[in-house]
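A.B. asks: Generate a structure from the sequence data that follows.
(one chain, ligands or ions: 1)
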Amino acid sequence: MRIGVDLGGTKIEAIALDGSGKEVFRKRIPTPRGDYPGTLKAIGSLVTEAGEGTVGIGIPGALSRVTGLVKNANSTWLIGKALKEDIQREINRPVRIENDANCFTLSEALDGAGKGAEVVFGVILGTGVGGGIAVNGKVLTGPNAIAGEWGHNPLPLPTAEDLPLPPCYCGRAGCIETYLSGPGLSRDHEVATGRRESPERIVSEGGKTLDRYLERLARALSGVINVLDPDVIVLGGGMSNVARLYTDVPRLWTRSVFSDHVATRLARNAHGDSSGVRGAAWLWDQRGEG
Ligand SMILES: [Zn+2]
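C.D. replies: Numbering: from 1, shown residues only. Okay, here's the model as predicted:
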């Protein structure tokens, strides 16, 4: 069996897939926020309950390739911890750990919206903006363990409407995440209208704030296309449910992609909220491995 665990800031989810890829176990529990030993115990009990098999874990961050410790995690109690070794000790099995956006991308590349594509760029548009790259059904991690992390690149070619550059928690300003996350959309709407509204409300109103969002997303993704030239870009996270993304953004990105014709597809994820945990389960079974 392949066991996958999605360690999130609010919940931990586990699934088990049998030999044919069929889901035979699923359980979701609240994350012991701020409690590292409690987080280890919670993962251990979920894995034990799921049964025998390989264990892959998706985390909201990455393991440093220099120290092996967790970095870039918005669940800050994980930062600097030897998560891999500690979980292996807890469950007495080897584990593989990857960034959650990379797990999302792997799941969609293997049997989701990116199935059959050579290069898949996976994007999370949620409370944050993350990304991952899968090539021929295998996650590209990179020597800094940040491959695909476009959310903290600056938004390309800022216009007067984009200024002043919003400050970002990472210490810089004008990061893509500050415009394209759900909170970023609400912030932009408040700057423009003086009204604080939820992303859902802003989307349902379909006004100028959503127009700005679509145009910025097209600009930001055109930078990715120019560098990576993916076959397909798969969107996940709460904002991926907005239908207009899939019609408007590919029309808008032709302005800034360096090509006469843009063949890259923009696709909605096939596995919804389950993509992260499914991709974690597939970490031991990426294409090109035994
Ligand atoms: Zn940033």
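
A.B. asks: So for the chain, the centremost residue is which one?
C.D. replies: Closest to where the C-alpha atoms of the chain average out (Cα atoms, centre = their mean) is A101, at 2.8 Å.

A.B. asks: Would you mind confirming that it makes contact with V120?
C.D. replies: No. The criterion here is Cβ atoms under 8 Å, and A101 misses it with V120 at 11.8 Å. Yep, even glycine has a C-beta here, placed from its N, CA and C like the rest.

A.B. asks: Apart from its neighbours in sequence, what residue is nearest C170?
C.D. replies: Among residues not flanking C170 along the chain, H152 sits closest, at 5.2 Å (Cβ to Cβ, 6 or more residues apart in numbering).

A.B. asks: cool, and G34?
C.D. replies: Nearest residue to G34, sequence neighbours excluded (Cβ to Cβ, 6+ apart): W77, at 4.9 Å.

A.B. asks: do the same with F121
C.D. replies: Spatial nearest neighbour of F121, excluding adjacent residues (Cβ to Cβ, 6+ apart): P230 at 4.2 Å.

A.B. asks: From the ion, how far off is that neighbour?
C.D. replies: Distance of P230 to the ion, computed by Cβ to the ion, to the nearest Å: 22 Å.

A.B. asks: what do you get for G53?
C.D. replies: G53 is 37 Å from the ion, where distance means Cβ to the ion.

A.B. asks: you'd agree that residue is up against A14?
C.D. replies: No. Using Cβ under 8 Å as the test, G53 is too far from A14 to be in contact (11.0 Å).

A.B. asks: Quickly list what's touching both of the two.
C.D. replies: Listed contacts common to G53 and A14 are I3; contacts here mean Cβ atoms under 8 Å, 6 or more residues apart in numbering.

A.B. asks: Those two: who's more crowded?
C.D. replies: More crowded of G53 and A14, by other Cβ atoms under 10 Å: A14, with 26 against 20.

A.B. asks: Quick check: which element contains the more buried one?
C.D. replies: Applying DSSP states H and E as the criterion places A14 in strand 11-17.

A.B. asks: Would you enumerate the residues in contact with R212?
C.D. replies: R212 neighbours (Cβ under 8 Å, 6+ apart): 161, 188, 192.

A.B. asks: again, only this time at 10 Å
C.D. replies: 159, 161-162, 179, 185, 188-189, 192 (Cβ atoms under 10 Å, 6 or more residues apart in numbering).

A.B. asks: okay, these in CSV with pLDDT next?
C.D. replies: Shown next, in CSV, are the contacts of R212 (pLDDT from 0 to 100):
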residue, pLDDT
T159, 94
E161, 94
D162, 97
Y179, 98
L185, 98
D188, 97
H189, 98
A192, 96
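
A.B. asks: Does the longest helix along the chain reach the ion?
C.D. replies: When the chain is parsed with DSSP state H, its longest helix is helix 208-228. No. Figure legend: helix 208-228 not in contact with the ion (Cβ under 5 Å from the ion); closest approach 12.8 Å.

A.B. asks: Could I get the average pLDDT for that helix?
C.D. replies: The pLDDT scores in helix 208-228 average 98.

A.B. asks: what's downstream of it, the next helix or strand?
C.D. replies: From helix 208-228, the next helix or strand downstream (DSSP H and E) is strand 232-236.

A.B. asks: ok and that next one relative to helix 208-228, angle-wise?
C.D. replies: Relative orientation of strand 232-236 and helix 208-228, computed by axes from the mean of the first three to the mean of the last three Cα atoms, to 10 degrees: 140 degrees.

A.B. asks: Strand 232-236: how far from the chain's middle?
C.D. replies: For strand 232-236, the separation from the chain centroid amounts to 10 Å (computed by Cα atoms, centre = their mean, to the nearest Å).

A.B. asks: on that earlier part again, neighbour-wise, which one of the contacts of R212 leads?
C.D. replies: Ranked by neighbours (other Cβ under 10 Å), these are led by L185, which has 26 neighbours.

A.B. asks: Run through the residues of this protein sitting next to the ion.
C.D. replies: 152, 168, 170, 172, 175.

A.B. asks: What is the nearest of those residues to G207?
C.D. replies: In terms of Cβ to Cβ, no member of those lies closer to G207 than C175, at 24.2 Å.

A.B. asks: just to revisit the earlier point, overlap in contacts of A101 and V120?
C.D. replies: 132-133, 139, 148.
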